[in-house]
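Colleague: quick check, what structure comes out for this input:
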Amino acid sequence: VPPVYCGEHMHYFDISYNQLTGPLPCNFSGDTIWYINMGTNSIDGTLPNFDLAPELISITVGPNLFTGPMHLDQLPETMISFQISNTLCTGSIPSSIHHAYQLRTLIFSNSLLSGSLPLEFTQLTELRFLFLDNTTLSGSLPASIGNMRQLKLLNIKHSGLQGPLPSSLMQLHALEAISAEDNRFTGPLPSNWTSMRRLQVVLLQNNRFSGTIPRSLLTLPELDTLLLPNNRFTAFELSTSPVNSTPTTQMGNLRIVDFSLNLIQGNIPVYELFTMNRETLYAFALVRACIAPFDLSVMCTARTLEIVSLDGANQACTGSSHEGNSLSAILHRSQQLRDWNGLPGCLLELPSLRILHLSGLGLSGTIPSSTVPWAATNLSIAAGRRPRLQDLSLSHNLFTGTIPSSIQHRAWENIDLAFNKLSGTLIHS
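Modeller: Numbering: from 1, shown residues only. Down below sits the predicted model:
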């Protein structure tokens, strides 16, 4: 960094987004400096002690090559934004952090932050944005995290945290997104999510959560993305009311849903997933789940669907399960496979569908012939495009009969019809 005048009257210092190297030229001491931003450079050396700047409001440190301590013990009470991501600095959050009671943004992403979160940490009741992702923390989220009621974004992915999600998390009514994937969280999810009406993104994949997936989580009015794969969930919490009694005017905003690679068995909430989100649902995945058969044509109501993957129910139902491998359990799971109906033709004609994976469901009957030709038609020309389905996987089912010409004439990117009982003569182009 070239010599910089750090006079006693400096208020604002910004050298971000350059290619600067070397250590800082000054320690920014004094009671006049308010704003420091040195992010996105290659500055090295150690950080100054921030308690020497008692009026400091905002500091952005990384990405840079700083090493040494983070100096978190004496953050000024005036501090509103503290961002120390993407550095090699070390440290832990001290119990004295609550003295910086005006903090609204606290970002430690991709840093060597370690230790546990002290109880006093949750006294930062003005905090809006908390990023602890890709750190080396230990312990669990404090049970009093519900005190941080202004929190909008909580990013704790790959942070080393473990244990259950505290029930007080449901007191964060302003929360819009929680990213807690790639940790060692365990136990069931909080049971009642109805108060989280602003929540848009829930990312909990690659943990050890168990129990049921709450119905109230699926019916949040603003929820856009729900990713729960690779956990140990065993079932969905289903409505106690008949489907027909559910108000059909209630609509959701879910676009992306993934429950794959859990231990899920039994019924899935068809109404909450497909009917309520028929105007928004973009991608749905539930791979390797021993789910009870349902009418696949219900997915045809979701005209915005682009990706569907339900592969692997056969393996999930005939393999090991938490029910055990008693004769009655095996017969029950095998019966579920026999109860699946065939493939509804409307799925092949969904206007936006690009990927359809239904391998290993035990589907029977014939593969339907599309009533919409794969070549351009008046309908597809009027819509401005041809049908979009490019990736079709129907392997390991029980289909019989011939492969329809409408499928044989399609220029697929991927098609997998292996391990069925198909017959007939292939059509030469």
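Colleague: tell me, how many residues neighbour T425?
Modeller: 7 (other Cβ atoms under 10 Å). (Glycine included, C-beta is placed from N, CA and C.)
Colleague: tell me which stretches of the stretch 1-150 of the chain form helices.
Modeller: Applying DSSP state H, counting those that start in this stretch to the stretch 1-150 of the chain gives no helices.
Colleague: how long is stretch 295-313 end to end?
Modeller: With Cα to Cα, to the nearest Å as the measure, stretch 295-313 spans 15 Å from end to end.
Colleague: so which bits of it are buried?
Modeller: In terms of neighbour count (16 or more other Cβ atoms under 10 Å), stretch 295-313 has its buried residues at 296, 299-302, 304-313.
Colleague: of the residues you listed, which belong to strands?
Modeller: The members of those that map onto strands under DSSP state E are 307-309.
Colleague: for D31, what are its contacts?
Modeller: D31 is in contact with 53-55, counting by Cβ atoms under 8 Å, 6 or more residues apart in numbering.
Colleague: same thing but 10 Å
Modeller: 8, 52-56, 76, 78 (Cβ atoms under 10 Å, 6 or more residues apart in numbering).
Colleague: neighbour-wise, which one of those leads?
Modeller: Busiest of those [other Cβ under 10 Å] is L56, holding 26 neighbours.
Colleague: which pLDDT value goes with that one?
Modeller: pLDDT, L56: 92.
Colleague: surely it meets Y12?
Modeller: No: judged on Cβ atoms under 10 Å, L56 makes no contact with Y12 at a distance of 11.4 Å.
Colleague: which residues do the two both contact?
Modeller: Here L56 and Y12 share the contacting residues 33-36, scored by Cβ under 10 Å, 6+ apart.
Colleague: quick one: those as a markdown table, columns for neighbour count too.
Modeller: As requested, the shared contacts of L56 and Y12 are exported to a markdown table (neighbours: other Cβ atoms under 10 Å):
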| residue | neighbour count |
| --- | --- |
| I33 | 25 |
| W34 | 17 |
| Y35 | 15 |
| I36 | 23 |
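Colleague: just give me the neighbour total for R149.
Modeller: R149 has 15 neighbours, counted by other Cβ under 10 Å.
Colleague: isn't it up against Q171?
Modeller: Yes: in this structure R149 lies within contact range of Q171 using Cβ under 10 Å: 6.2 Å.
Colleague: quick check: next helix or strand after the helix or strand bottoming out on mean pLDDT in the chain?
Modeller: In the chain, no helix or strand scores lower on mean pLDDT, DSSP states H and E than helix 378-383, which sits at a mean of 43. The first helix or strand that comes after helix 378-383 along the chain, using DSSP states H and E, is strand 391-393.
Colleague: mind listing what's buried along that following strand?
Modeller: Within strand 391-393, the residues scored as buried using 16+ other Cβ under 10 Å are 391-393.
Colleague: now, which of the residues you listed sits nearest H158?
Modeller: For the buried residues of strand 391-393, the residue nearest H158 by Cβ to Cβ is D391; the value is 29.9 Å.
Colleague: which residues touch that closest one?
Modeller: D391 makes contact with 307, 309, 353-357, 412-416 under the criterion Cβ under 10 Å, 6+ apart.
Colleague: can you flag which of the residues you listed belong to strands?
Modeller: Counting by DSSP E, these place 307, 309, 355-357, 414-416 in strands.
Colleague: for ChimeraX, what selects the buried ones among the residues you listed?
Modeller: Typed into ChimeraX, the line below selects the buried ones among these, using 16+ other Cβ under 10 Å:
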select :307,309,355,356,357,415
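Colleague: let's have the ones in strands among the contacts of D391 in a markdown table, adding distance to L47 and pLDDT.
Modeller: Shown next, in a markdown table, are the ones in strands among the contacts of D391 (distance: Cβ to Cβ, whole Å; pLDDT from 0 to 100):
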| residue | distance to L47 | pLDDT |
| --- | --- | --- |
| I307 | 45 | 97 |
| S309 | 47 | 96 |
| I355 | 48 | 97 |
| L356 | 53 | 97 |
| H357 | 50 | 97 |
| N414 | 51 | 96 |
| I415 | 57 | 96 |
| D416 | 55 | 97 |
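Colleague: low pLDDT regions in the stretch 101-250 of the chain?
Modeller: The model of the stretch 101-250 of the chain has pLDDT under 70 over residues 240-250.
Colleague: hmm, 80 instead?
Modeller: For the stretch 101-250 of the chain, applying pLDDT under 80 flags the ranges 239-250.
Colleague: what's across from the residue lying closest to I268 once chain neighbours are set aside in the sheet?
Modeller: Leaving aside its chain neighbours, I268 sits nearest to I291 (5.2 Å; criterion: Cβ to Cβ, 6 or more residues apart in numbering). Taking DSSP bridges as the rule, I291 bridges to G266.
Colleague: quick check: I291 vs F236, distance?
Modeller: For I291, the distance to F236 equals 9 Å [Cβ to Cβ, to the nearest Å].
Colleague: overlap of the contact sets of the two?
Modeller: 259, 264-268.
Colleague: PyMOL command to pick out the buried ones of these?
Modeller: Restricted to buried positions by 16+ other Cβ under 10 Å, the PyMOL selection for these reads:
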select buried, resi 259+264+265+268
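Colleague: out of the shared contacts of I291 and F236, which comes closest to S29?
Modeller: After measuring those against S29 - Cβ to Cβ - the closest member comes out as F259, at 53.9 Å.
Colleague: I'd say the closest one and F236 touch.
Modeller: Yes: the criterion here is Cβ under 10 Å, and F259 meets it with F236 at 8.3 Å.
Colleague: and for those two, which residues touch both?
Modeller: Joint contacts of F259 and F236 (Cβ under 10 Å, 6+ apart) are 213, 268, 273, 289, 291.
Colleague: can you flag which of those belong to strands?
Modeller: Going by DSSP E, the strands hold 213, 291 from the shared contacts of F259 and F236.
Colleague: can I get the shared contacts of F259 and F236 in TSV with distance to L347?
Modeller: Compiled in TSV, these are given as follows (distance: Cβ to Cβ, whole Å):
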residue	distance to L347
I213	24
I268	17
L273	15
A289	19
I291	17
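Colleague: one step back: quick check: the residue nearest to I268 touching Q265?
Modeller: Yes: the criterion here is Cβ under 10 Å, and I291 meets it with Q265 at 7.0 Å.
Colleague: now the strands for the stretch 151-300 of the chain?
Modeller: Secondary structure of the stretch 151-300 of the chain, counting by DSSP state E, counting those that start in this stretch: strands at 153-155, 162-163, 177-179, 184-187, 201-203, 208-213, 225-227, 232-236, 256-258, 265-266, 283-285, 290-291.
Colleague: using TSV, lay out the ones you listed together with distance to S138.
Modeller: Below are those laid out as TSV (distance: least, Cβ to Cβ, whole Å):
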stretch	distance to S138
strand 153-155	18
strand 162-163	8
strand 177-179	19
strand 184-187	10
strand 201-203	21
strand 208-213	16
strand 225-227	24
strand 232-236	22
strand 256-258	28
strand 265-266	34
strand 283-285	32
strand 290-291	35
